[in-house]
Structures are given as structure tokens and as C-alpha cells.
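Asker: sequence and predicted structure, then a few things I'm wondering about:
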Amino acid sequence: MNLSFLEKKNTVAKPGYNRWLFPPAALCIHLSIGQVYAFSVFNLPLSRVVGVSESVSADWELTTIGWIFSTAIFFLGLSAAIGGRWLEKAGPRKAMLASALCFAGGFYVSALGVQLHAIWLVYLGYGVLGGIGLGLGYISPVHTLIDWFPDRPGMATGLAIMGFGGGAMIGSPLAVGLMDYYATPTSVGVANTLLTMGTIYLVFMLIGSALVKIPPKGWLPRGYTPPKTDHALVTTHNVLVSEAVKTPQFYLLWGVLCMNVTAGIGVLGQASVMSQEMFPGRVTVQMAAGFVGLLSLFNMAGRFIWSSASDYLGRKRTYTIYFLLGMVLYALVPTTGQMGSITLFVIGYLVIMSMYGGGFATVPAYLRDLFGTENVGAIHGRLLTAWSVAGILGPVLVNYIREYQINSGVPRVEAYTVTMYIMAGLLVIGLLCNLAVKPVDARYHAKVP
Amino acid sequence: MENSEKSSVPVIKLALSWAIVGIPLLWGVMQTLEKAMLLFQQ
């Protein structure tokens, strides 16, 4: 079988290629892998695989099931960090294909695991295999998007990473609809749903992989003149990934991403319960679900809007806005609860969530500004370990502090006050990291051959 | 190397590529908006 079409050199675009064909290719990948944020829709059905109508003693506990998502996010960070260098050599088409096979393969192995009621197979499938697909898929279009859109890198990466936010909006109703369709009196329908979704995502991601083209060396969009010399924080040089991780800038950006994500992710996971507890008797379960839906929309929209705005504002200034505005809003959230204003509470969180998404989407362009375009995919992969850490830190902070407060006799309505102030404090750390970012020292620049 | 070529990609191919990703995304957004509307039903 001739697989030469996968080679990086065979994916170079011919003259006349329209660069606007590339974002749909990137979106095919990100809309698929973004499904991971909707994995929680499987939690309850997975806890009733044996009992079907209700959970029985042979069924998996929710805590056991919770590890599927955590494993997937862990392997996302790991594979992005390790696979980044391979991606730079192999090119985006091969990486997207590998991502598609791993992600869809994860669904298939998990379906077998559900059918055999073997949790280790589900961990191995969706957690390990699927997680590797997530990591490779997440970083695969970033470098190429920046190459195609050197004039608007924030907008371009924001468009793809917006897809990751939007993936859950497709994955959640799709999974619910399929489970309803496949459910019988003797089955919750999860195994068949996983098989079907795996196939849908495989086809979708293969389309993305087939559409991918990289620009010829030195290609520039018509009318765009790249800067000849370094300008403020935007370099014209390139830094190797092995050198980038030796610079203070890498760790400062790691801190920036980690703090921004920690603050947002903890709240996102608790949004439903928090809104009901802060406004007892006024926010119903259905309204809380609506609130979570709105947060997802703003999380997705923020990825595109803020990241696009960063092309004009500059990355450092954009993150300064995230942190300053975020600090004020987090600090004001308890006051909105005391005032009993659901409207102000909702508006505050919608802005916070838009900046949470924006933080994810703006970071590839920030890396490109500081370290150059050449190795941005690999450096971005390494930086995503900050996400893995934040994914654990955020929920743990919110959940444990809330629990501690309630156990100490604090009324539920006030149980989030300290947490919100801590979140504001985390953003102060992020702000300080961001303000400390300076151009990368010339000794780290790669030698031009 | 500046791109001096005019795009030779047919508009239909471009529209189709965007439709492949745009239609599912729009469906997902509509589903989410429907859910979000519950917030305003007191």
C-alpha cells in the first residue's frame, strides 16, 4: 500500500491553494476531540451497565468511572509534550491520522470494555489510547495554522481551539441521542453508542487529515510583509524546543496558562451546584443546566474573540486583561450572592469563562511571538503539561475548600466566598508571571544555516 | 515568497469544507442554546 501521501513533503500546497481551506481541516480534528469535555454524559449510564434500570452492587462506582476522564486528560498532556517533536518532523497529516486512529480506537476498545464489563479496558481505550489521540490532535494543526496566517496567528489558532470548546456541544447531545436510540430493557446502549461515535469521529478526522496542506517554504499571504527585526515581544528568530525549555519565558508562560486554567476549570466543574447553592430556592436544577450551557457557549466564543483581539492588542496586554478583569470578577462573585443578583452572577461568570477559553486559544500565538514559528507545535505540546496540572489543581481546590467550609459550619450560600478569593489570588500569580515576560535572550536563538 | 497566485480552489470546494464543520457546530450551538434558555424560565 502506497502511503507516500502521508509524507510531509507530499502535503505541500500547490500554487493557487486557498489558505481558508485549512481551518476546516483543523476544525474537523478539534470538533471531534473536544468531545472529551462531554464525557460526563456517559457517567450515569456507565454506572448502570449491569443493573440497567438502576445501579446494582456489581456495577461500577461513579468514582471508578471518574478516572476514565482523568486518565484521558493526563495522557493528553503527556502525548502533547512527547509527541510535539515528532509532529514537527512528520507533519500535520501524519499526526492527524495518528490522532484519528488513536481517538477512534479508544472508543472501540472502550465499547469492548463496556460489553465485557472490564473497566481496565475502558481505561486503556478511552483513557490511554483516546488520551494520546487527544494530545496529538490538539497540537497537530497549530504550527500549520500559524504558517498559513502569519498576519493573524491569534485569529487562526483561536478558530481551531474554538472547535475544541464546541466539540462538547456536539458530543453531548449526540451521545444522549444515540444512547436513547440503542437503549433496550436489557442494555443501557453505551457500547453501541461508543462504536457509532468512534466511527463518526474516525470519518470526520480522516476528512480533516485529507484536507491538510502545508504552505511552501517562505510562502507569505498577498500584501503581508513580515517584520525584518524583532519588535517588542515578537521575535523574527526561532528557538529549538530543547532550548525553549531552558528559558525563563517558557516557565512564566507555563505559570500564566496554569493559573488561568486552574481558576476557570474548577468553577466550570462546579457551576451547576454552585449556582443552586448560592441562590437557594431561586435557581432550579433546570436553570443550573441552562447556566452550564451558557458557560460552554461563552467558553467557546471567547476562544475565537479574545484570541483574534490579541492580534491587535498584543498577547501580553491580552493576558493582563484576562488576569486583572478576572481578579475583579472573582472577587465580586460573593458580593453578587449577598446581593441576591442572579443576573450579575451570571454575567460575571460568562465573562470569566470567555477569558478561560481565551487563555487556551491565545497561548500558541504568544509562544510564536516569543520563540518563533519553526518549533511552535513542539513547544506548545510541552506547555500543555500546565493544563494537566491545572486539571487536577482547579477541581481539587474548589471541591475541597467548599467541603471544608461546609464541614466547619459555614452556610452553603457562603461556602464559595473563600474559594473565589483564592481564585482571584491565583490570577494575581498569573498576572505577575505575565508581567515578568521579556523577549527571549539571543543566546537561545537557533543558528540560521 | 509572496503569494502572487490567484486562488484556483473552486468556491464550491471551499463552501463544502466549511459546511462539513459548520453544520455540526451550528447544530451543537442550537442544542446548547435551547438548554441555556432554561435559565430564563422562572
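Answerer: Happy to help now that I have it.
Asker: what sits against the closest residue to A:Ile265 other than its chain neighbours?
Answerer: Counting by Cβ to Cβ, 6 or more residues apart in numbering or on different chains, A:Ile265 lies nearest to A:Gly394, which is 3.9 Å off, once chain neighbours are set aside. C-betas here are computed from N, CA, C, even on glycine. Going by Cβ atoms under 8 Å, 6 or more residues apart in numbering or on different chains, A:Gly394 touches A:261-267, A:269.
Asker: among those, who's most crowded?
Answerer: Neighbour count (other Cβ atoms under 10 Å in any protein chain shown) singles out A:Ala263 as the most crowded of the contacts of A:Gly394, with 33 neighbours.
Asker: roughly how far apart are it and chain B?
Answerer: For A:Ala263, the distance to chain B (Cβ to the nearest Cβ, to the nearest Å) stands at 22 Å.
Asker: surely that residue meets A:Leu426?
Answerer: Yes - using Cβ atoms under 8 Å, A:Ala263 is in contact with A:Leu426, at 5.1 Å.
Asker: count the residues that sit near A:Gly83.
Answerer: A total of 23 residues lie near A:Gly83 under the criterion other Cβ under 10 Å.
Asker: now it, what's its secondary structure?
Answerer: Going by DSSP: H, G, I helix; E, B strand; the rest coil, the secondary structure assigned to A:Gly83 is helix.
Asker: what's downstream of the helix or strand bottoming out on mean pLDDT in chain A, the next helix or strand?
Answerer: Every helix and strand of chain A was ranked by mean pLDDT, DSSP states H and E. The lowest is helix A:385-407, at a mean of 84. From helix A:385-407 onward toward the C-terminus, using DSSP states H and E, the following helix or strand is helix A:417-435.
Asker: and that following helix, which residues are buried?
Answerer: Judged by neighbour count using 16 or more other Cβ atoms under 10 Å in any protein chain shown, the buried positions of helix A:417-435 are A:417, A:419-420, A:422-424, A:426-427, A:429-431, A:433-434.
Asker: could you single out the nearest of the residues you listed to A:Ala81?
Answerer: The shortest gap between A:Ala81 and any of the buried residues of helix A:417-435 belongs to A:Cys433, at 19.5 Å (Cβ to Cβ).
Asker: flag every buried residue along the one helix or strand A:Leu121 maps to.
Answerer: For A:Leu121, the enclosing helix or strand under DSSP H and E is helix A:119-122. Going by neighbour count (16+ other Cβ under 10 Å), the buried part of helix A:119-122 is A:119, A:121-122.
Asker: tell me what it is packed against?
Answerer: helix A:92-116 (3 or more Cβ pairs under 8 Å, 6 or more residues apart in numbering or on different chains; DSSP states H and E).
Asker: make it 10 Å
Answerer: Counting contacts by 3 or more Cβ pairs under 10 Å, 6 or more residues apart in numbering or on different chains; DSSP states H and E, helix A:119-122 packs against helix A:62-90, helix A:92-116.
Asker: where does the prediction get shaky in the chain?
Answerer: As the question left the chain open, I've gone with chain A. A:1, A:229-230, A:448-449 (pLDDT under 70).
Asker: wait, chain B
Answerer: For chain B, the stretches flagged by pLDDT under 70 are B:1-7, B:41-42.
Asker: repeat that with 50
Answerer: Residue ranges of chain B with pLDDT under 50: B:1.
Asker: quick one: contacts for A:Ala210?
Answerer: Taking Cβ atoms under 10 Å, 6 or more residues apart in numbering or on different chains, we find A:Ala210 in contact with A:5, A:25, A:28, A:93, A:96-97.
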